[in-house]
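Colleague: fold the following, please.
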Amino acid sequence: MDDLRNKKVLLVTTDGRVVVGILKGFDAQTNLILSKASERAFSTDSFREIPQGLHVVRGDTIAIIGEIDEEKDDAIDWQAVRADPITSIRI
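Modeller: All right, here's what the predicted structure looks like:
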């Protein structure tokens, strides 16, 4: 994960939230600190990007994380994207 430090990442939490931000730090339990974070909320009707600012994410709530290709991400018209919300993966 050290190679992702100070890069823009996207993560999906176990409850289905999609969070984007700059990875500033992490610990042995994969708790993350993101700066300039925002939540991307998808629905079949609309898209919203909700600013979060400095955001701490508990490691045990992260389902997946990856680096964002900022050029490709910036080229997407997010307001035109429609999708069913991601459901929780907790049992």
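Colleague: quick one: the strands in the protein, in order.
Modeller: 8-13, 18-26, 32-42, 47-57, 62-67 (DSSP state E).
Colleague: check contacts around the residue positioned nearest the centre of the chain.
Modeller: Geometric centre of the chain, nearest residue: V19, 2.1 Å, by C-alpha atoms, centre = their mean. V19 sits next to 10-13, 34, 37-40, 52, 55, 57 when contact means C-beta atoms under 8 Å, 6 or more residues apart in numbering. Yep, even glycine has a C-beta here, placed from its N, CA and C like the rest.
Colleague: related to what we said a few turns ago, okay if I get the strands of the chain as TSV plus distance to A75 and mean pLDDT?
Modeller: Shown next, in TSV, are the strands of the chain (distance: least, C-beta to C-beta, whole Å; pLDDT from 0 to 100):
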stretch	distance to A75	mean pLDDT
strand 8-13	14	96
strand 18-26	15	96
strand 32-42	16	95
strand 47-57	15	95
strand 62-67	16	94
